[in-house]
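J.: quick one: sequence and predicted model below, then my questions.
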Amino acid sequence: MRNAAVLLLAIVAMLAAATIANAQFVGVTCGWNYSNDLSGPNTGMANTPQFNPDPANPNRTWDEWAEELGASGVDFVCPNLRGSFPETGLSPTLITPLITALNNRGLNDRIKLAIFDDNASSWSAQWNEANGRGFGNALPFDISVSANWKYLWDYNYKLFYQTVPDANRFKINGRPVIIIWTGNSYFIGNMQGNMSQALLYVRQQCQATFGFNPYIIVSGDTLSNDTTCNNPSVIDATQNWFNPSPSGAPGYTTTNFNNTLIGACCPQYQTASFGNWVDSNHGVQLDTSLQNTHGAGALVTLIEGFTDWEENAALFRARNLDPAGAALGYSSTYYDYPNQRLNIVRKNSNNPFPADLKEEIEGCDTFGGGARSGPANYYRNGPITIETTADAGGGFDVGNIQANQWFEWQAVPIQGAKHFLVRVAATTASSRLHFVIDGSAKPSITLPNTGGWQNWTTVDAGSFGAYANGSTHTVRLVCETSGMNVNYWKLSGTIPVGSTISLQSRSNNKYVTASATGTSSLIASSTTVGTAQRFIVVDMGNGCVALRAQINNDYVCADNGGAAALINNRTSAGLWETFQWIENTDGSISLKSNSDQEFVCAENAGANPLIANRPGHGLWEGFNVTIL
């Protein structure tokens, strides 16, 4: 074993000399157990989660965590590894549902998994348990005995890598990352000269079993308790965690080893009633910490702890109503609003202003005007009806919508000109909703009848002007009527290129219909949306589009240079088939033909075929867009 370790030292030395890619990463720890976190009931203190676990279906909790991780903008998540000794019931193999949830949410390419080894448990506590001393730290884990290294490898890392596919692993320079919590002699004994050998053994096993050399980040005290670890051939980087203390430690650290800066921080630790605590300070603590870690150029910043309600260090959406529906203030939660910490993490991530920002309705910060239907105290407290959705991507929607029920989000990052898209299912053609941005009400839109409570479509509520770079906003969605379910709203670019849409004339609220044979002109004549009312938006550049009728796959033409009615009979798109996509202040759009620079009109309030012959645009030239 020693000869193999010497050979591996030479290999690792060469790899350590490689230049780290010019990138930065933000990640979170994720403690989990089935008795509280996943199955409930959660018995948290201040940072109690908004989501009430379903005891009959713990995978719902995994799914909710995946959605919230996506909202936070993190690059990786570290499930806390506490080993797999049978008495603990915490095997790394049990994180499979998290991988499934990330895949189902479409986040598998954005969020990867790394190891955060809670080695006080996985090494020390399990070793003591196995030797009849109970699950705890009765004696420091003896790392000088190579037979004990099975607690590092066989019961821990090996199982993680057998469970997490290569494509889902968080890597630096192509090397899966292992972060080890502590090198404290209280938990680990006989470290001098032996910790380095144990880590080299881990490298050897990773290479032999899975074909890679891991990127290992250890606690800074590892180097003082085993000086032979102070070598880039043994470790790649160090972290010093955070230091809660009465002296007012900042709650974050940065550590530089081998010219690699690593940051660690927490949003809060314990509460004011404890001697050692880190004050959340209305989110300032987390924001400041991230500015001094990720913002200072740290290659990796690890935040404790996405789910850590036990130590009041959670990042997830926090409960703001108790089980009876009474409001919980800051002194009870240490959050100003449920999404506060997720918003702060995203603000300090690599993508603080997502172009495709998505807000789940059930995860709003506040709501009003609703009523509860179904099981009491499920998902979140208060008068809101949340149900499992059959929509693509899974998750939840809000049903039992009441007239004038509303949902609101704070500190929403919006910059530039964006469209507000709403995912809805409606059973009538008269349901209406509108947005309120920073207190300013936007135009009402009428929803199409989708034909069922779980038949979903995306409706474009319009673009409400351009927002300043770096700005955040309060967004409220108001359901003016009942007759709908709502899943989420999201931002998109100014033109839904590549999407299939319907066009509803503002003049008569009817949908533009194309001919199956392409021999009849387009007319706003249908009260429902079928194949004849579907058009594919084709990008023609410079803010211009062509529309291809789904019913016959031909392009819409401003026939005779706009002198004749629009007709869907062209097999390719040229000047007569190109239209400027115009954003109107009421949330509708208008189409201006490039052939004659005239606007498309639903002539005679939609009673006559569409024609591009208007020099300006008003009601007859406006169309509501629904993305299908």
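T.: Here it is on my side, so go on. All figures in this text were calculated on a predicted structure; none of them were measured in a lab.
J.: where does the residue nearest to C364 when sequence neighbours are not counted sit: helix, strand or coil?
T.: On the basis of Cβ to Cβ, 6 or more residues apart in numbering, the spatially nearest residue to C364 that is not a chain neighbour turns out to be F407, at 4.1 Å. (C-beta placed from N, C-alpha, C; glycine too.) Secondary structure of F407, reduced to three states by DSSP: H, G, I helix; E, B strand; the rest coil: strand.
J.: bridged to F407, which residues?
T.: Assessed by DSSP bridges, F407 has beta-bridge partners F367, L477.
J.: residue contacts, it?
T.: Neighbouring residues of F407 by Cβ atoms under 8 Å, 6 or more residues apart in numbering: 361, 364, 366-367, 398, 476-477, 486.
J.: how far away is S471 from D438?
T.: 10 Å (Cβ to Cβ, to the nearest Å).
J.: what residue is smack in the middle of this protein?
T.: Within the chain, the residue whose C-alpha comes closest to the C-alpha centroid is G70; the distance, by Cα atoms, centre = their mean, is 1.2 Å.
J.: surely that one is within a helix?
T.: Yes - when the secondary structure is assigned by three-state DSSP, G70 falls within a helix.
J.: mind listing what it touches?
T.: Contacts of G70 (Cβ under 8 Å, 6+ apart): 105, 107, 110-111, 358.
J.: next: N256.
T.: Residues in contact with N256, defined by Cβ under 8 Å, 6+ apart, are I262.
J.: which element is it on?
T.: Following DSSP states H and E, the helix or strand that holds N256 is strand 252-257.
J.: again with V475
T.: Here V475 sits within strand 472-479, counting by DSSP H and E.
J.: pull out the buried positions in that strand.
T.: Neighbour counts using 16 or more other Cβ atoms under 10 Å place 472-473, 475-479 of strand 472-479 among the buried residues.
J.: as CSV, the residues you listed with distance to N604 and pLDDT would be great.
T.: As requested, those are arranged in CSV below (distance: Cβ to Cβ, whole Å; pLDDT from 0 to 100):
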residue, distance to N604, pLDDT
T472, 45, 96
H473, 40, 97
V475, 38, 98
R476, 38, 98
L477, 35, 98
V478, 33, 98
C479, 33, 98
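J.: mind putting those residues in a markdown table, distance to S332 included?
T.: Listed next are those as a markdown table, based on distance: Cβ to Cβ, whole Å:
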| residue | distance to S332 |
| --- | --- |
| T472 | 25 |
| H473 | 27 |
| V475 | 25 |
| R476 | 24 |
| L477 | 27 |
| V478 | 28 |
| C479 | 29 |
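J.: returning to what we had before: roughly how far apart are the residue nearest to C364 and S332?
T.: Computed as Cβ to Cβ, the F407 to S332 distance reads 22 Å.
J.: check Y488 too.
T.: Using Cβ to Cβ, which is the criterion applied here, Y488 is 28 Å from S332.
J.: can you list contacts of the helix or strand harbouring I262?
T.: Counting by DSSP H and E, the secondary-structure element that holds I262 is strand 260-265. Contacts of strand 260-265 from elsewhere in the structure, counted by Cβ under 8 Å, 6+ apart, are 20, 217, 236-242, 251-256, 286, 289-290, 292-294, 296-304.
J.: state the mean pLDDT of that strand.
T.: For strand 260-265, the mean per-residue pLDDT is 97.
J.: and the helices in this protein?
T.: Counting by DSSP state H, residue ranges of the helices within the chain are 2-16, 59-72, 96-104, 119, 126-130, 158-163, 195-210, 221-225, 284-291, 330-333, 340-347.
J.: quick check: the farthest pair among the contacts of G70?
T.: The most widely separated members of those are I111 and K358, with 14.2 Å between them, by Cβ to Cβ.
J.: of the two, who's got more company?
T.: I111 (22 against 17; other Cβ atoms under 10 Å).
J.: how many residues are close by the residue nearest to D365 when sequence neighbours are not counted?
T.: Take D365 and drop its neighbours on the chain: the residue closest to it by Cβ to Cβ, 6+ apart is Y337, 4.3 Å away. Here the neighbour count serves as a burial measure; for Y337 (other Cβ under 10 Å) it reads 20.
J.: with W241 instead?
T.: Counted by other Cβ under 10 Å, the residues lying close to W241 total 19.
J.: with S35 instead?
T.: 11.
J.: how much space between it and N42?
T.: The separation that S35 has from N42, given Cβ to Cβ, amounts to 10 Å.
J.: and if you look at K112?
T.: Plainly put, K112 is 27 Å away from N42 if you go by Cβ to Cβ.
J.: which of the two has more neighbours?
T.: More neighbours sit around K112 than around the other of K112 and N42, counting by other Cβ under 10 Å; the figures are 23 against 18.
J.: contacting residues for the closest residue to the more buried one other than its chain neighbours?
T.: Nearest in space to K112, with sequence neighbours left out and distances taken as Cβ to Cβ, 6+ apart, is F170 at 3.6 Å. Applying Cβ under 8 Å, 6+ apart, we find F170 in contact with 25, 27, 75-76, 112-114, 176-177.
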